[in-house]
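Peer 1: This is the structure alone, sequence omitted:
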């Protein structure tokens, strides 16, 4: 999957509800969705140390990035259907696992593996 394909796939997913209900979204909603999709499509594979520079570059292109703290980046947030930003750590829940190893690998969910 190319980065452009990922961008359009994320946009399709973000716009699915409004398209299904024939709702026209305001320009700021579309920009938030676009910034979120671009961040993950083009910067999602960056190492944690490089994400701040990518975030800063996006901030020069859009005023709609979350900017509550210099310690977090767009990768620490999810965009809501109302184009608000929520920290992943505020919405992530603990999950129960059945401990059946189906892949030969064990994934331990931590803040880093879930939010990184």
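Peer 2: Received it, and whenever you're ready, just let me know what you need. Remember, predicted model here, so these are calculated numbers, not experimental data.
Peer 1: where does the residue most central in space within the chain fall, helix, sheet strand or coil?
Peer 2: Geometric centre of the chain, nearest residue: residue 78, 4.8 Å, by CA atoms, centre = their mean. Using DSSP: H, G, I helix; E, B strand; the rest coil, the structure places residue 78 in strand.
Peer 1: Could you measure from it over to residue 46?
Peer 2: For residue 78, the distance to residue 46 (CB to CB, to the nearest Å) stands at 17 Å. Where you see a C-beta, it was placed from the backbone N, CA and C, and this is true even at glycine.
Peer 1: same check, this time on residue 40
Peer 2: In terms of CB to CB, residue 40 sits 10 Å off from residue 46.
Peer 1: Kindly report the same for residue 92.
Peer 2: As judged by CB to CB, residue 92 and residue 46 stand 20 Å apart.
Peer 1: With neighbour numbers in mind, choose between the two.
Peer 2: residue 46 (16 against 13; other CB atoms under 10 Å).
Peer 1: With adjacent residues omitted, what lies nearest to that one?
Peer 2: residue 54 (5.7 Å; CB to CB, 6 or more residues apart in numbering).
Peer 1: number of nearby residues for that neighbour?
Peer 2: 18.
Peer 1: And the strand or helix carrying it, what does it pack against?
Peer 2: Element membership of residue 54, judged by DSSP states H and E, is helix 48-61. Applying 3 or more CB pairs under 8 Å, 6 or more residues apart in numbering; DSSP states H and E, we find helix 48-61 packed against helix 27-43.
Peer 1: what about residue 59, distance to residue 24?
Peer 2: Here the criterion is CB to CB. By it, residue 59 lies 27 Å from residue 24.
Peer 1: ok, those two, which is more surrounded?
Peer 2: Ranked by neighbour count (other CB under 10 Å), residue 59 and residue 24 place residue 59 first, with 16 against 7.
Peer 1: How about the contacts made by residue 59?
Peer 2: Counting by CB atoms under 8 Å, 6 or more residues apart in numbering, residue 59 makes contact with 65, 67.
Peer 1: And it, how far from residue 53?
Peer 2: The spacing between residue 59 and residue 53, counted by CB to CB, is 11 Å.
Peer 1: ok, and the helix or strand in the protein with the lowest average confidence?
Peer 2: In the chain, the helix or strand scored least confidently by mean pLDDT, DSSP states H and E is helix 111-115, which has a mean of 61.
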